[in-house]
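> Fold the following.
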Amino acid sequence: MTTRLNAQLNANVASKSHGITSTVSSPLNHARGLREAEQRLLGALHQAVNCGRPLVPHHKLGDLFDKGQLGRPARKLPNEWQPLDTGALRETAKLDQTKGPITAEQLTQAIERGTADLDNQAAGGEYRAFEEWARQNGDRLTPEAKQVMDLYSKAAAKAQAKGQTGIPTGEWNQMLEDMRSVGDKGMERELANLDKKAAPISGEDLARAIERGVRDADGQTHAEAKALADWARKNEGKLSPEAKQVLSTFERHAKKVTESGSKDFSKAELRDLHDAFKNIGDVSAQKALSKLDKEHGPISGEDMLEAIKEGVSDMDGHSSTSELRDFKKWAEKNKDRLTPEARQVLATYEKHAKKAGSGGLTQANFDSMVKEASQFKTFRDDSMRAALEKLDDKNGTISGRDLIKAISDGAGDLDGQAAGLEFADLQKWARDNYDRLSPEAKRVLGIYERTATNALAKGETGIANNDFKKMLTTMNLVVALPALRQIVA
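Numbering: from 1, shown residues only. Prediction:
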């Protein structure tokens, strides 16, 4: 047995593996040769597998095989090539079918739909699909859409750095929230400029900011409207009444644009928006002018001055722009109602407003304007003017009793002007409102004219107390006669 073993050990042993040959001529040499051959074999295999990576000690190779770190790993690493995700590809294909620029909102929705499945590929194959598509379509991405893609890239890189091919749910939700908050940069710049202005924000300032913010053809009308709405909610207390009207006007026009399927205002729609803004006018001026609309008959100088004082006293800086424009526009439509004095008052206002410039009337300018315009009075007597204003408030026909009361209230004071200024004021009012007088009122007017004329013939501007009482008695009889005739009949 021993002889046979020795003979076998002394025989030349040829061992071949992966092209490596070892010859062993003794038990000791045989064992040493096997170890050397093993080391050479493992070394060659290590170099072939690592492809130039830093070598690790031979005795560690077994551990690497066990851990899946040598050869093909047990699971994919994020930086390895991975197939493009079909769900993400479907979403990029939908983007390819759209026309015009790709907005932040469109890309966010595509990413959300393309990564919502639980296949653990949001930072892997899904990201690769969107990243390659964005690289090939960069010229179609709006600045905001590029910002959305940057947010996705950062979230994917963070996951890959941890050896993950998916994005954890919490981080994925935060990524989408950040994407949705990406606003329109053009509109944001304009709103940031408004933030620098002191309250209140005027309608003109807001209209100008909106027009500049939406005129770029970036397919972001929806985002622009959202950015404006968010800003308005935060700054509601700073908005003037005119600015609030501008805001509601824009929302109405933007809704019409987006509901039609458009992403941007067309040139025609921008012109319509601009015209709508111009027609908004000044709320304080319009409120004052609406009061004049409710009055009947001619507009006196006093009426016009009071309306101007009410319309521009808010000192919003628009007394020489939108407020003046509103008064001139109203006057053009109602020129047949304006007395000569009312026209002079308006001309005085316009003169001072133009002198003040685009900044509007200062308090000193305003006071100077009021003082100059106050001389253009249609009615010289205060008591008669107050009585006639009550007649102006009445709808329809002025009855005899209405006119008697006005004469009694307006000329009954003891200022000695019943045949002077008070009579002149009533004559001026009656001339402008003659078609509103009933037959009895016209007879009452005639009685007053005869009594006042008799006083003036004597060189007096007042009517003696007894004569004034007789005049009122006669007037009341004239008014009562029609009723008496009906009773007798």
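> neighbours around A116, how many?
13 (other CB atoms under 10 Å). Where you see a C-beta, it was placed from the backbone N, CA and C, and this is true even at glycine.
> contacting residues around it?
By CB atoms under 8 Å, 6 or more residues apart in numbering, no residues touch A116.
> And the pLDDT for it?
At A116, the model reports a pLDDT of 91.
> same thing with L445?
L445 is assigned a predicted lDDT (pLDDT) of 95.
> any idea what sits nearest it, other than its immediate chain neighbours?
Nearest non-adjacent residue to L445, counting by CB to CB, 6 or more residues apart in numbering: A430, 5.6 Å away.
> gap between the helix or strand where that neighbour lies and the chain center?
Using DSSP states H and E, A430 sits in helix 421-432. Put simply, helix 421-432 sits 51 Å off its chain's centre (CA atoms, centre = their mean, to the nearest Å).
> now swap in stretch 261-278 and tell me
Distance of stretch 261-278 from its chain centroid, counting by CA atoms, centre = their mean, is 14 Å.
> can I get the CA coordinates of that stretch in PDB?
The C-alpha coordinates for stretch 261-278 follow below in PDB (Å, rounded to 0.1, in the frame of the first residue of the first chain):
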ATOM      1  CA  GLY A 261     -58.200  75.100 -23.700                       C
ATOM      2  CA  SER A 262     -55.600  77.900 -24.200                       C
ATOM      3  CA  LYS A 263     -52.400  78.100 -22.200                       C
ATOM      4  CA  ASP A 264     -51.900  81.800 -23.000                       C
ATOM      5  CA  PHE A 265     -53.700  85.000 -23.700                       C
ATOM      6  CA  SER A 266     -53.800  85.700 -27.400                       C
ATOM      7  CA  LYS A 267     -53.000  89.200 -28.600                       C
ATOM      8  CA  ALA A 268     -56.700  89.900 -29.100                       C
ATOM      9  CA  GLU A 269     -57.500  88.700 -25.600                       C
ATOM     10  CA  LEU A 270     -54.800  90.800 -24.100                       C
ATOM     11  CA  ARG A 271     -56.300  93.900 -25.900                       C
ATOM     12  CA  ASP A 272     -59.700  93.000 -24.400                       C
ATOM     13  CA  LEU A 273     -58.200  92.700 -21.000                       C
ATOM     14  CA  HIS A 274     -56.400  96.000 -21.300                       C
ATOM     15  CA  ASP A 275     -59.700  97.700 -22.400                       C
ATOM     16  CA  ALA A 276     -61.500  96.200 -19.500                       C
ATOM     17  CA  PHE A 277     -58.900  97.500 -17.100                       C
ATOM     18  CA  LYS A 278     -59.200 101.000 -18.600                       C
END
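> H222: what's it in contact with?
With contact set as CB under 8 Å, 6+ apart, H222 has these partners: T103, E105, A254, T258, K263.
> these two touch, right, L437 and L403?
Yes: with contact defined as CB atoms under 8 Å, L437 reaches L403; the gap is 7.1 Å.
> Among those two, which residue is more densely surrounded?
It is L403, of L437 and L403, that has more neighbours when counted by other CB under 10 Å, with 25 against 20.
> ok so, going back, which helices and strands does the helix holding A430 pack with?
Contact here means 3 or more CB pairs under 8 Å, 6 or more residues apart in numbering; DSSP states H and E; on that basis helix 421-432 packs against helix 382-393, helix 400-411, helix 439-457.
> got TSV for those, with distance to A307 too?
Below are the helices and strands packed on helix 421-432 laid out as TSV (distance: least, CB to CB, whole Å):
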stretch	distance to A307
helix 382-393	13
helix 400-411	22
helix 439-457	27
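> Now do G237: how many residues are near it, please.
Number of residues near G237 (other CB under 10 Å) recorded here: 7.
> give me the element the closest residue to it other than its chain neighbours is part of.
Nearest in space to G237, with sequence neighbours left out and distances taken as CB to CB, 6+ apart, is A199 at 7.2 Å. If you go by DSSP H and E, A199 is not part of any helix or strand.
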